[in-house]
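Q: with the sequence up front, the predicted model follows.
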Amino acid sequence: MKSHDHHLAMDAKTIEKSALGLTPGERAHLAQKLLLSLDELSQEETEKVWLDEAVDRARELDKGTVRPIPAAEVRQKAQKLLR
């Protein structure tokens, strides 16, 4: 990992922690904006972004720094946000 990439990863973690402190509505709005921004990437770039994210999440699960959330629970929370 290049020094520049490491700096970006640290910034992303700081942003992530801040974003998690937002209200559910604010997080949903931010998530929508971020997902829409991915439409501007090429197919190859999009695949790399999602692969990198999957690897990061798998690493966090393996380390025990995050806990898995059952799909039913995620679906229920998402439905509440959309009401």
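A: Everything's here; your move.
Q: show me where pLDDT drops low in this structure?
A: 1-10 (pLDDT under 70).
Q: in it, spot the helix with the most residues.
A: Using DSSP state H, we find that the single longest helix of the chain is helix 43-63.
Q: what is the following helix or strand past that helix packed up against?
A: The helix or strand immediately downstream of helix 43-63 is helix 71-82, counting by DSSP states H and E. Packing partners of helix 71-82 (3 or more Cβ pairs under 8 Å, 6 or more residues apart in numbering; DSSP states H and E): helix 24-38. From N, CA and C alone the C-beta is placed, and that goes for glycine too.
Q: extract the CA atoms of the helix it packs on and return them as PDB.
A: Extracted C-alpha coordinates of helix 24-38, given in PDB (Å, rounded to 0.1, in the frame of the first residue of the first chain):
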ATOM      1  CA  PRO A  24     -30.600   7.300  10.600                       C
ATOM      2  CA  GLY A  25     -32.100   9.700   8.100                       C
ATOM      3  CA  GLU A  26     -28.900  11.500   7.600                       C
ATOM      4  CA  ARG A  27     -27.000   8.200   7.100                       C
ATOM      5  CA  ALA A  28     -29.600   7.100   4.600                       C
ATOM      6  CA  HIS A  29     -29.200  10.300   2.700                       C
ATOM      7  CA  LEU A  30     -25.400  10.100   2.700                       C
ATOM      8  CA  ALA A  31     -25.500   6.400   1.700                       C
ATOM      9  CA  GLN A  32     -27.700   7.400  -1.300                       C
ATOM     10  CA  LYS A  33     -25.300  10.100  -2.400                       C
ATOM     11  CA  LEU A  34     -22.300   7.800  -2.100                       C
ATOM     12  CA  LEU A  35     -24.000   5.000  -4.000                       C
ATOM     13  CA  LEU A  36     -25.000   7.400  -6.800                       C
ATOM     14  CA  SER A  37     -21.400   8.600  -7.000                       C
ATOM     15  CA  LEU A  38     -20.400   5.100  -7.900                       C
END
